[in-house]
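Q: how would this look folded up:
(2 chains)
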Amino acid sequence: MVKYQGVTGIHMTTLTDPPKETFRLSMLINDTRYRSLTFQAIAAIILALSFWYLLNNLFQNLAAAGLNISYSFFGESAGYDINQRLIEYDSQSSHGRAAVVGILNTLLVAFLACITATIFGVVAGVLRLSNNWLVSKLMAFYVEIFRNIPVLIWIIIIFTIMTAVLPAPRAFRGDEPAASMLFGSAAFTNRGVYIPGPWFSRPLFDVAVLNWLLVLAFLVGSFFGARALGRWATKVQEATGDRPVTWYFSLGIWLVPFLALMVIMGLSWEYPALKGFNFSGGIKIGGPLIALWFALSIYTGAFIAENVRAGIQAINKGQTEAAASLGLRPGRVMNLVVLPQALRVIIPPLISQYLNITKNSSLAIAVGYADITATLGGITLNQTGRAIECVLLLMLFYLTISLLISAFMNVYNSSIKLKER
Amino acid sequence: MKKTFVLGALTVAGLAAGAAQAATVDDVKARGKLNCGVSTGLVGFAAPDANGNWGGFDVEMCRAVAAAVLGDSNAVEFVPTTGKTRFTALASGEVDLLARNTTWTFSRDVDLKFTFVGVNYYDGQGFMVPAELGVSSAKDLDGATVCIQTGTTTELNLADFFRVNGISYEPVPIETNAEAQQQYLAGACDVYTTDASGLAATRATFENPGEHVVLPEIISKEPLGPLVRHGDDNWGDIVRWTLNALITAEELGVTSANVAEMSGGTNNPEINRMLGTEGNLGEQLGLEADWAMKVISAVGNYGESFEKNIGENTPIGLARGLNALWTEGGLIYTPPFR
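A: Here you go, the predicted structure:
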């Protein structure tokens, strides 16, 4: 209105002063410039007041019931044992340490499930678009079956089948045992899978972890070496049009330093053996971990497959046809043209799926897997009766982890998204 | 899942405070039904039969309280609770009474703010193993995988027992008795540990109970009894004296068969006071004068209930042992009705 007057004023060249703006209280409601702000402010105040009311109510009731928020139980001895420990822990350790054991177990299963779910998802998603009728229908069947049955049911089904079908350790006993080890070195039992574990007979460090960190450092070094080699090959290709054959160099970069390190440190294998009630020695992958890991992977894999399919189908068919008309083979069309563009459609929903895996891992207690919900939110909560404290911490943990995963994936997303210049 | 926890915690906090003022007995009468927390299924103690009717030793405690307060032993809503959910259910007011083989411990009494009204079964934690393992003592269990119900005192006792004896084990935490049974039978664990009464009850449901043995070691004291929330002493009194009436009835020879006749008046003043023909004990509790008569005619006395549900002539087959009357060498004893 005001602007309009100004503009016409100039046109008519008879300058009239625009009316002096005065702010009246009624403008908060009647003026569209302020109205939305007014309503938002009112809503914000109501929201803040209701939160304040809820919290105040909580604290008043807690005080009336003689309860107080205290985390002092964290330093007290937990008194219970945990079957899967990635760090030192026994029943005399503190509740705090039990929570850390749980956190590590949650992270372990979430990490493993994210990797396998991605593999399942990408394979199923790509194959679902296959021209082979049987393959594409099989994948459609997989997706529809697995994503339409709750993940808790899958976890329990897999765990129950494992315990019922696989032999108990005592079946391996005796002169003519009912069950025998695979290649004499791996045992599949209903308590878990026992596989040979590597160890070093001539370790460079006294602390075992440092040796493994050294191995990891070598692998990271090889990774960067191989990448530099790839960059060099691309540069040569761009300059001359011919890509030098580098795969044996690349293989060498990966294998030679790694094998040399293994020989120097004297890599040996410890085989599991039946001792007393259970197998001992080697690495034990517990039944609950397997059930949870596998269930989360196939369940979330079905969702990821749909994300991948959607991403691929989002790419204009013209792109494929143009690439094909340039003479690229179907595999290269997928790798060089379709997937790089599809990734920017795939990644954002993939982040949600990773978050789902992490949060769904809290169903672990259904099969007795000692994740953070089972230790801090289960046994510790029960033994100390500190429900509110434990639940607040649990929320904080899952929130932190989810936000971290989002942040990492968003960084990745921005690195692969379409560069618009 | 997380959300439910928080809402649950908020509700607990909210209702625990509310419940402190309201009289539970009035709520129960207004509702016309007693909400009673029981286990999710432990044959002999609390389990639904084929028709969905709950029965068992703990269930009869619920029925006795319902008979005392409402005059109808069937006016009970049974709420199955797990080891983990039971205390929240009681603290939040979801149940008025928890009769679920719950061990009376210091921290539950003091820190969790519950009132244990008495002991209706003296128990202790034991171990069950398949007979074919040839194990004769719990001290031979080094390296064994042990199935254990999570959220109970048993997992703490277990950790202590193995630590004190310097042997190792691998715990398999399990939510309910039924799951534990399945894992144990599949051989996913070598040992199942819980209260000895629970072991006997579980074993009784096996196809071949003879293939499993309960080891002689009892590694803890587990006095089991009904409990209520702190802050409503009148309700606590009603539950306590219902239990005491069951025990006193056995001591004085009052049974479900003769209680009707005895409530006409006897020459034993304590029976008369309990059954309401003398004095005003019922009125003092805020109940009808013949409350105890209704209790005993509905579920029988302590001994009858024991024999009917878990005694030696049932598949559970528990001897009275510590749970015999004090006059017969056991620990079951009540203060007098006076």
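Q: In the stretch 151-300 of chain B, mark out all the strands, start to finish.
A: Along the stretch 151-300 of chain B, the stretches classed as strands by DSSP state E, counting those that start in this stretch are B:169-174, B:191-195, B:212-214, B:222-224, B:227-229.
Q: can you list these in JSON lines and add mean neighbour count?
A: Just so you know, the C-beta spots here come from the backbone N, C-alpha and C atoms, and that holds for glycine as well. Listed next are the strands of the stretch 151-300 of chain B as JSON lines, based on neighbours: other C-beta atoms under 10 Å in any protein chain shown:
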{"stretch": "strand B:169-174", "mean neighbour count": "24"}
{"stretch": "strand B:191-195", "mean neighbour count": "27"}
{"stretch": "strand B:212-214", "mean neighbour count": "18"}
{"stretch": "strand B:222-224", "mean neighbour count": "23"}
{"stretch": "strand B:227-229", "mean neighbour count": "25"}
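Q: would JSON lines of the ones you listed with mean pLDDT and distance to chain A be doable?
A: Formatted as JSON lines, the strands of the stretch 151-300 of chain B follow (pLDDT from 0 to 100; distance: least, C-beta to the nearest C-beta, whole Å):
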{"stretch": "strand B:169-174", "mean pLDDT": "88", "distance to chain A": "5"}
{"stretch": "strand B:191-195", "mean pLDDT": "91", "distance to chain A": "9"}
{"stretch": "strand B:212-214", "mean pLDDT": "90", "distance to chain A": "14"}
{"stretch": "strand B:222-224", "mean pLDDT": "91", "distance to chain A": "16"}
{"stretch": "strand B:227-229", "mean pLDDT": "93", "distance to chain A": "10"}
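Q: Quick one: closest of those to residue B:47.
A: With C-beta to C-beta as the criterion, residue B:47 lies closest to strand B:191-195 of the strands of the stretch 151-300 of chain B, at 15.0 Å.
Q: Okay, now the sheet partners of the closest one, with direction.
A: Sheet pairing of strand B:191-195 (DSSP bridges) gives strand B:125-130 (antiparallel), strand B:144-149 (parallel).
Q: And these: which comes nearest residue A:203?
A: Using C-beta to C-beta, the nearest of these to residue A:203 is strand B:144-149, at 31.1 Å.
Q: ok, and what's touching the closest one?
A: By C-beta atoms under 8 Å, 6 or more residues apart in numbering or on different chains, the surrounding residues in contact with strand B:144-149 are A:191, A:276-278, B:83, B:127, B:154-155, B:158, B:169-177, B:180, B:183-184, B:188-194.
Q: repeat that with 6 Å
A: A:191, A:277, B:83, B:154-155, B:158, B:169-172, B:174, B:180, B:183-184, B:189-194 (C-beta atoms under 6 Å, 6 or more residues apart in numbering or on different chains).
Q: mean confidence for that strand?
A: For strand B:144-149, mean pLDDT is 89.
Q: any low-confidence regions in the chain?
A: In the absence of a named chain, this looks at chain A. Low-confidence segments of chain A (pLDDT under 70): A:1-16, A:65-67, A:418, A:421.
Q: other chain: chain B
A: In chain B, residues with pLDDT under 70: B:1-22.
Q: For chain A, give me its nearest residue in it.
A: residue B:187 (2.9 Å; C-beta to the nearest C-beta).
Q: how about the nearest residue to residue A:369, chain neighbours excluded?
A: residue A:288 (3.8 Å; C-beta to C-beta, 6 or more residues apart in numbering or on different chains).
Q: Am I right that residue A:269 is in a strand?
A: Yes: the assignment for residue A:269 is a strand, going by DSSP: H, G, I helix; E, B strand; the rest coil.
Q: where along the stretch 51-200 of chain A do the strands fall?
A: Under DSSP E, counting those that start in this stretch, the stretch 51-200 of chain A gives strands at A:187-189, A:192-195, A:197-200.
Q: Of the strands of the stretch 151-300 of chain B, give the one that comes closest to residue A:203.
A: Of those, nearest to residue A:203 by C-beta to C-beta is strand B:169-174, at 27.6 Å.
Q: Contact residues of the stretch 101-250 of chain B facing chain A?
A: Contact residues, the stretch 101-250 of chain B versus chain A (C-beta under 6 Å from any C-beta of the partner chain): B:111-112, B:143-145, B:150-151, B:155-156, B:159, B:163, B:170-174, B:186-188, B:190.
Q: In PyMOL, select just the buried ones from these.
A: Those of these that count as buried under 16 or more other C-beta atoms under 10 Å in any protein chain shown are selected in PyMOL with:
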select buried, chain B and resi 112+144+145+150+151+155+156+159+163+170+171+172+173+174+186+187+188+190
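Q: Mind checking the strands of the stretch 51-200 of chain A for the one nearest to residue B:287?
A: With C-beta to C-beta as the yardstick, what comes closest out of those is strand A:192-195 (56.0 Å).
Q: Make CSV from the strands of the stretch 51-200 of chain A and add distance to residue A:74 and mean neighbour count to it.
A: Shown next, in CSV, are the strands of the stretch 51-200 of chain A (distance: least, C-beta to C-beta, whole Å; neighbours: other C-beta atoms under 10 Å in any protein chain shown):
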stretch, distance to residue A:74, mean neighbour count
strand A:187-189, 36, 23
strand A:192-195, 30, 22
strand A:197-200, 33, 16
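Q: Out of the ones you listed, which is closest to residue A:406?
A: Across the strands of the stretch 51-200 of chain A, residue A:406 has its closest neighbour in strand A:192-195 (32.5 Å, C-beta to C-beta).
Q: Counting by contacts, list what that closest one packs against.
A: strand A:283-286 (3 or more C-beta pairs under 6 Å, 6 or more residues apart in numbering or on different chains; DSSP states H and E).
Q: go with 7 Å
A: strand A:283-286, helix A:287-313 (3 or more C-beta pairs under 7 Å, 6 or more residues apart in numbering or on different chains; DSSP states H and E).
Q: What are the contacting residues of that strand?
A: A:186, A:187, A:272, A:279, A:282, A:283, A:284, A:285, A:286, A:287, A:290 (C-beta atoms under 7 Å, 6 or more residues apart in numbering or on different chains).
Q: and chain B, which of those reach it?
A: Among these, the ones lying near chain B by C-beta under 7 Å from any C-beta of the partner chain are residue A:287.
Q: Pick the one among the contacts of strand A:192-195 closest to chain B.
A: Using C-beta to the nearest C-beta, the contacts of strand A:192-195 come closest to chain B at residue A:287, 6.9 Å.
Q: domain parsing for chain B?
A: B:2-122+B:224-328, B:125-220 (automatic domain parsing).
Q: By proximity to chain B, which residue of chain A wins?
A: residue A:168 (2.9 Å).
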